[in-house]
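1. The following comprises the amino acid sequence and a computationally predicted model.
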Amino acid sequence: MSQTCTNIMNRFLELDKHEALPLRVSAHILLCKKCRTQVRLMTMAEKTCREPLSIPTEDSNQAISLLMKKIDPNYQPGKPIAHISMRRWIVGGITMIFGMLFFLIYSKSLNNSTLDITFYSFFACAVSAYCAIFVGSNMDFFVKKIETLNEHNLTLRS
């Protein structure tokens, strides 16, 4: 293995999980069959090693229950996790859109540009806050989606 391949593989191994490959590393891996094969084999090995860790365990396992009690004294084994409905988010978004359309139609008869600028500035802040709160309260979904996309892209690259 050449010195360039060794340096590229060292750089690849220094990356954090799902971190984007630098352009130089990507280009070399695309052009070098040995490095491409090595990266593909390492990716497959990592997936194989990770599989036993992804097997769900039962909540009734005594060790898990004791650990969860230490973390959260209010933990109840077997207690169902509350489902978060998207209906409220959709209704809230549609209500904001209808509110903006109503004001747009109503303000046409007023011809007050100061009122328009004030309202649209407020509405821009409200939409930004709505989106930020939506992403913040559903962070686990977005993190899982990003991890899935990164794994898919990593598989495609190798």
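-> Structure received.

2. can you give me the helices in this structure?
-> Applying DSSP state H to the chain gives helices spanning 3-14, 23-31, 33-50, 62-71, 87-108, 113-137, 139-157.

3. Just to check, residue 75 is in contact with residue 64?
-> No. With contacts counted by Cβ atoms under 8 Å, residue 75 stays clear of residue 64, the gap being 10.0 Å. Yep, even glycine has a C-beta here, placed from its N, CA and C like the rest.

4. related to what we said a few turns ago, using a markdown table, lay out the helices of the chain together with mean neighbour count.
-> Below are the helices of the chain laid out as a markdown table (neighbours: other Cβ atoms under 10 Å):
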| stretch | mean neighbour count |
| --- | --- |
| helix 3-14 | 13 |
| helix 23-31 | 14 |
| helix 33-50 | 13 |
| helix 62-71 | 12 |
| helix 87-108 | 12 |
| helix 113-137 | 12 |
| helix 139-157 | 11 |
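
5. now those as a markdown table including mean pLDDT?
-> Compiled in a markdown table, the helices of the chain are given as follows (pLDDT from 0 to 100):
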| stretch | mean pLDDT |
| --- | --- |
| helix 3-14 | 90 |
| helix 23-31 | 87 |
| helix 33-50 | 86 |
| helix 62-71 | 78 |
| helix 87-108 | 86 |
| helix 113-137 | 85 |
| helix 139-157 | 66 |
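
6. excluding its backbone neighbours, what's nearest residue 30?
-> By the measure of Cβ to Cβ, 6 or more residues apart in numbering, the closest residue to residue 30 outside its immediate chain neighbours is residue 36, 7.0 Å from it.

7. Correction: the previous question concerned residue 38.
-> When the adjacent residues along the chain are set aside, residue 38 lies closest to residue 9, with 6.5 Å between them (Cβ to Cβ, 6+ apart).

8. Go ahead and confirm the one you found touches residue 37.
-> No. With contacts counted by Cβ under 8 Å, residue 9 stays clear of residue 37, the gap being 11.3 Å.

9. State the number of residues packed around residue 51.
-> 9 (other Cβ atoms under 10 Å).

10. So it versus residue 45, what's the distance?
-> Applying Cβ to Cβ, to the nearest Å, one obtains 11 Å for the distance of residue 51 from residue 45.

11. and if you look at residue 9?
-> Using Cβ to Cβ, we find residue 9 at a distance of 14 Å from residue 45.

12. again, but for residue 118
-> 60 Å.

13. and residue 22, what does it touch?
-> Neighbour list for residue 22: residue 11 [criterion: Cβ atoms under 8 Å, 6 or more residues apart in numbering].
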